[in-house]
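**Q** Quick one, what's the 3D model for this:
(chains A and B)
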Protein chains: 2
Amino acid sequence: MRERGARRVAVEDPAWSAIPDTVTQAGLEPVAIPVDENGLQIHELEHNDLDAVVLSPAHQYPTGAVLTPARRAELIAWARRRGALIVEDDYDAEYRYDREPIASLQGLAPDCVAYVGSGSKTLAPGLRLGWLLVPSHLVGELGAQHAITRAMPSVLTQAAYASLLERGEIDRHLRRTRRRYHARRDILIDALERWLPEARVGGASAGLHLMAWLPDDADEGAISDAAISRGVAIHTLHRDCTVVGPRPPALLLGYGLIAEQAIPRAVCELAHAAAL
Amino acid sequence: MRERGARRVAVEDPAWSAIPDTVTQAGLEPVAIPVDENGLQIHELEHNDLDAVVLSPAHQYPTGAVLTPARRAELIAWARRRGALIVEDDYDAEYRYDREPIASLQGLAPDCVAYVGSGSKTLAPGLRLGWLLVPSHLVGELGAQHAITRAMPSVLTQAAYASLLERGEIDRHLRRTRRRYHARRDILIDALERWLPEARVGGASAGLHLMAWLPDDADEGAISDAAISRGVAIHTLHRDCTVVGPRPPALLLGYGLIAEQAIPRAVCELAHAAAL
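**A** Predicted coordinates for the structure are as follows:
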């Protein structure tokens, strides 16, 4: 993108830090655009002289917001008008618990959306398995750039994944894990209501983490440190994400690796940590 | 390196094209320095305003030259005087057939050499397994840069490799494959002497390929095309490498994947292709 003359790339605020950091590393300027409960505030893209936008429309990281249908249409119209590229970070859309997984932006606008998928949430981040679907006019150039460093997943991993896909094992795995993570999420929310009622759970019923907003005077860092000393490791909004605008403190609670029966005890310890 | 203010990076001429292309992709300027039968012409590094040099001292790609001990000392003295970084591309030093594998530059000068190793030649390029040893003052910064993209080998591959190393299986594998590739190389050289006597084999007895220099009037591209139509795929110097200064035509003949008994027939077909 830099070689094609791009300069400014919109990123979500708050964001998974790797996104603005990657934009900066590529020699481009990340421009923070706020996220609300309906996802990225698309109208803020105007008048910002942007060449692209990177967002996680199916389940915004970290807030868990889902981009509304109206905003999706508005985003695509903006990109087409502007000739801008939409980079769709679809990191966990396979896990939606209250309805069918949401369709990708890429399917709506393959001419202006670069779709980024991953096996990190469905199988394991250690596989380092990911994929891109880019607008056809970018395929040649992207392939040429990629051929230089050849940074790609192990061919063994790719072949194993292809075989699992073909045999329907990935679909079976998703059905199994969807039930498992959904149950963990429900238990986590119940435990939060019981032990940490001052926390307000945000975002859609989806993914492998939830965001618990705290009262304005809570001290995220102190809670996280106290939780660690009680054997509970958590992320927090301001410590582990890139946050530009003012936001209340919040905890990021992952349930991808914890056993169901361990959740209530962990939340109880967390509540003790939050009481300090 | 670019962020630290580096601008010009010496690369070998001729070179594996991925090296100058990677330098360019990083926003730096590759400066071609000629290679002769004693490796990179170190005295040419002076007066070129260089911040770094990338070279393959154990077995230069593609020529197969080995950097002499005198030039190694000269290179390290230059880098220390200049405050420049030496990037040592040690892609196949495990395979040396006429003597023990040559020691790395990194072992001689860990303060100014970044060592790049790989499992691509010893196991398989499809593993996408590689490693870096950098001067200790660069470790923190390199780690921070690397943490952004997290482009790294599969954790499964890393764990498997570590286990093979610990159990001595990599050493046993190297002893086995060294014998196998040495035998293939000898058969290839015999076949060239018999069928293609006008070709002059260059470089050390090492690695998984050899370079066969041709008479000045030979047409590399036509030979390669004719060989393909006879079922023999080869690389050539000017078609598949980055060559800046004047060089005679040459063929790059790999023996990493061909069975011993297939070599004479392949060279015979190649000789027919060269006769056109």
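
**Q** The closest residue to A:Val155 other than its chain neighbours: neighbour count?
**A** Spatial nearest neighbour of A:Val155, excluding adjacent residues (CB to CB, 6 or more residues apart in numbering or on different chains): B:Gly126 at 3.2 Å. In short, each C-beta sits where N, CA and C put it, glycine included. Using other CB atoms under 10 Å in any protein chain shown, the number of residues around B:Gly126 comes to 17.

**Q** Hmm, B:Gly126 is touching A:Thr157, no?
**A** No. Contact criterion CB atoms under 8 Å: B:Gly126 and A:Thr157 do not qualify, at 9.5 Å.

**Q** tell me which element A:Leu156 falls in.
**A** Assigned by DSSP states H and E, A:Leu156 belongs to helix A:155-166.

**Q** Okay, buried residues for that helix please.
**A** Across helix A:155-166, burial judged by 16 or more other CB atoms under 10 Å in any protein chain shown covers A:Leu156, A:Thr157, A:Gln158, A:Tyr161, A:Leu164.

**Q** for those, which one is nearest chain B?
**A** Distance to chain B across the buried residues of helix A:155-166 (CB to the nearest CB) is lowest for A:Thr157, with 5.3 Å.

**Q** just checking, the closest one touches A:Arg128?
**A** Yes. Here A:Thr157 reaches A:Arg128: they are 7.5 Å apart, a contact under CB under 8 Å.

**Q** tell me, what's touching these two both at once?
**A** Taking CB atoms under 8 Å, 6 or more residues apart in numbering or on different chains as the contact rule, A:Thr157 and A:Arg128 both touch B:Ser154.

**Q** Tell me how far the residue nearest to the spatial centre of chain A lies from chain B.
**A** Against the mean C-alpha coordinate of chain A, by CA atoms, centre = their mean, the closest residue is A:Tyr61 at 3.5 Å. Relative to chain B, A:Tyr61 is positioned 15 Å away (CB to the nearest CB, to the nearest Å).

**Q** repeat for A:Thr68
**A** Going from A:Thr68 to chain B by CB to the nearest CB gives 31 Å.

**Q** Report the separation between that residue and A:Pro57.
**A** 9 Å (CB to CB, to the nearest Å).

**Q** Looking at those two now, which is surrounded by more residues?
**A** Higher neighbour count among A:Thr68 and A:Pro57: A:Pro57, with 24 against 14, using other CB under 10 Å.

**Q** right, and that one touches A:Asp92 too?
**A** No. If you go by CB under 8 Å, A:Pro57 and A:Asp92 don't touch, sitting 11.8 Å apart.

**Q** shared neighbours, those two?
**A** By CB under 8 Å, 6+ apart, no residue touches both A:Pro57 and A:Asp92.

**Q** isn't A:Tyr95 right up against A:Arg178?
**A** Yes. Taking CB under 8 Å as the definition, A:Tyr95 is a contact partner of A:Arg178 at 6.0 Å.

**Q** With neighbour numbers in mind, choose between the two.
**A** The residue with more neighbours, out of A:Tyr95 and A:Arg178, is A:Tyr95; 21 against 16, by other CB under 10 Å.

**Q** any idea how far that one lies from A:Glu46?
**A** From A:Tyr95 to A:Glu46 the distance is 33 Å (CB to CB).

**Q** got it, and A:Glu193?
**A** Note on A:Glu193: its distance to A:Glu46, by CB to CB, is 40 Å.

**Q** on that earlier part again, and the helix holding A:Leu156, what other elements does it pack with?
**A** helix A:169-195, helix B:155-166 (3 or more CB pairs under 8 Å, 6 or more residues apart in numbering or on different chains; DSSP states H and E).

**Q** Adding pLDDT and distance to B:Gly27, write the buried residues of helix A:155-166 out as JSON lines.
**A** Output for the buried residues of helix A:155-166, formatted as JSON lines (pLDDT from 0 to 100; distance: CB to CB, whole Å):
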{"residue": "A:Leu156", "pLDDT": "94", "distance to B:Gly27": "33"}
{"residue": "A:Thr157", "pLDDT": "95", "distance to B:Gly27": "31"}
{"residue": "A:Gln158", "pLDDT": "96", "distance to B:Gly27": "30"}
{"residue": "A:Tyr161", "pLDDT": "97", "distance to B:Gly27": "33"}
{"residue": "A:Leu164", "pLDDT": "97", "distance to B:Gly27": "39"}
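
**Q** Just the C-alpha atoms of stretch A:235-255, please, in CSV.
**A** Taking Å, rounded to 0.1, in the frame of the first residue of the first chain, the C-alpha atoms of stretch A:235-255 are listed here in CSV:
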residue,chain,number,x,y,z
HIS,A,235,-5.8,-8.4,30.2
THR,A,236,-7.2,-4.9,30.7
LEU,A,237,-8.3,-2.3,28.2
HIS,A,238,-5.8,0.5,28.7
ARG,A,239,-2.8,-1.7,29.5
ASP,A,240,-3.2,-4.2,26.7
CYS,A,241,-4.9,-2.3,23.9
THR,A,242,-4.3,0.9,22.0
VAL,A,243,-6.8,3.4,23.4
VAL,A,244,-6.8,7.0,22.0
GLY,A,245,-10.1,8.6,23.1
PRO,A,246,-11.4,8.7,26.7
ARG,A,247,-12.8,5.4,27.9
PRO,A,248,-13.8,4.0,31.3
PRO,A,249,-11.6,1.2,32.7
ALA,A,250,-12.4,-2.3,31.5
LEU,A,251,-11.2,-5.9,31.9
LEU,A,252,-10.7,-8.4,29.0
LEU,A,253,-11.7,-11.8,30.2
GLY,A,254,-10.7,-14.7,27.9
TYR,A,255,-12.4,-18.1,28.2
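
**Q** Pull out the buried residues from that stretch.
**A** Neighbour counts over stretch A:235-255 (16+ other CB under 10 Å) mark A:235-237, A:240-244, A:247, A:249-253, A:255 as buried.

**Q** again, but for stretch A:74-86
**A** For stretch A:74-86, by 16+ other CB under 10 Å, it's A:Glu74, A:Leu75, A:Ile76, A:Trp78, A:Ala79, A:Arg82, A:Ala84, A:Leu85, A:Ile86.

**Q** mind listing what the closest residue to A:Ala93 other than its chain neighbours touches?
**A** In space, A:Ala93 comes closest to A:Ala58 once its chain neighbours are excluded; the distance is 3.7 Å by CB to CB, 6+ apart. Applying CB under 8 Å, 6+ apart, we find A:Ala58 in contact with A:Val66, A:Leu67, A:Asp90, A:Asp92, A:Ala93, A:Arg96, A:Pro101, A:Ile102, A:Ser104, A:Ala206.

**Q** what about 7 Å?
**A** A:Val66, A:Asp90, A:Ala93, A:Ile102 (CB atoms under 7 Å, 6 or more residues apart in numbering or on different chains).

**Q** The closest residue to the second one other than its chain neighbours pairs with what?
**A** Distances taken as CB to CB, 6+ apart place A:Gly117 nearest to A:Asp90, at 5.3 Å, with adjacent residues excluded. Residues in a beta bridge with A:Gly117, per DSSP bridges, are A:Trp131.
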